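[1] Fold the following for me, if possible:
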Amino acid sequence: LVGHLKGEDIAPDGGQGLDISWKVACGANVAYDQFPSQNQIFYESANGKGMWYDPVFRVETLDGRDIWCKRHYKVRDAKEPGTYFFSVLDNGVTSNEFWTILDAADDLSWILFHYAGAATVVGQRYIGGLLCTPDGSLPTESDLPRIWKSFRDAGIEPWELFAVNNDENSPGYIAAGAPPLDFYRKDVIASKLAKSNAVS
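    Numbers count the residues shown, from 1 in each chain. The predicted model follows:
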């Protein structure tokens, strides 16, 4: 999950040492995966038990403004390797999601996620899939047959995917300013540092 994020002890070999874990190249949920400039940040919690997931994405408002939105998910390991429980409080409503890593390139050039979630209080259920890469661009043509097969095995057809606009030179991106990638993580890093100093 951590992917290419720098400064994480649990980061895998082959990471690029970026400010993010992944960018979403395309996704299959019409309500969630069409937002432009989708950044994913996965990192270890301060106590080392579980992880946090912070999606930071750009929203084009009805009055024409471009702003950054963010969420803060708690992540716990599920029973099977590569599966996880996610939970988030959003506008007073708790959503619980089950995520699965469908496949990933050995060199971390891409990763595929499937998720199924529910906000039971409002009677909402949803599923989706994500193709993520370090820079949000699509993988090479030679990787696509394997990727499409993995999605199809999870019940997602390639034509259901929406490409995400990750162009950092677009007018909307420039208008929004720098994304707040460390909004939540900086407090976790500070807590870890304080605990380390206390022990030493």
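[2] For the longest strand along the chain, list every residue counted as buried.
    When the chain is parsed with DSSP state E, its longest strand is strand 93-104. For strand 93-104, burial by neighbour count (16 or more other CB atoms under 10 Å) applies to 95, 97, 99-100, 102-104. In short, each C-beta sits where N, CA and C put it, glycine included.
[3] which one of those is nearest residue 180?
    residue 95 (21.0 Å; CB to CB).
[4] Which pLDDT value does the model give the closest one?
    On pLDDT, residue 95 comes in at 84.
[5] got it, and residue 23?
    For residue 23, the predicted pLDDT is 97.
[6] Next secondary structure element downstream of the strand or helix carrying it?
    Using DSSP states H and E, residue 23 sits in strand 22-27. Sequence order places strand 39-44 as the next helix or strand after strand 22-27, per DSSP H and E.
[7] tell me what the helix or strand just after that next one is packed against?
    Later in the chain than strand 39-44, the nearest helix or strand by DSSP H and E is strand 51-60. Helices and strands touching strand 51-60, by 3 or more CB pairs under 8 Å, 6 or more residues apart in numbering; DSSP states H and E, are strand 39-44, strand 66-70, strand 73-77, helix 171-176, helix 185-199.
[8] Let me know which of these is tucked in deepest.
    strand 39-44 (a mean of 23; mean count of other CB atoms under 10 Å).
[9] Run me through the strand neighbours of that one, direction for each.
    strand 22-27 (antiparallel), strand 51-60 (antiparallel) (DSSP bridges).
[10] among those, which is nearest residue 71?
    strand 51-60 (5.3 Å).
[11] Any chance of CSV for the strands paired with strand 39-44, columns distance to residue 198 and mean neighbour count?
    Converted to CSV, the strands paired with strand 39-44 look like this (distance: least, CB to CB, whole Å; neighbours: other CB atoms under 10 Å):
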stretch, distance to residue 198, mean neighbour count
strand 22-27, 33, 24
strand 51-60, 21, 19
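[12] Minimum distance to residue 137: which of those has it?
    Using CB to CB, the strands paired with strand 39-44 put strand 22-27 closest to residue 137, at 6.3 Å.
[13] In CSV, list the C-alpha atoms belonging to the closest one.
    The C-alpha coordinates for strand 22-27 follow below in CSV (Å, rounded to 0.1, in the frame of the first residue of the first chain):
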residue,chain,number,x,y,z
TRP,A,22,0.2,6.5,-5.7
LYS,A,23,-1.8,8.6,-8.1
VAL,A,24,-5.1,7.3,-9.6
ALA,A,25,-4.8,6.8,-13.3
CYS,A,26,-8.3,5.6,-13.8
GLY,A,27,-11.2,4.2,-11.7
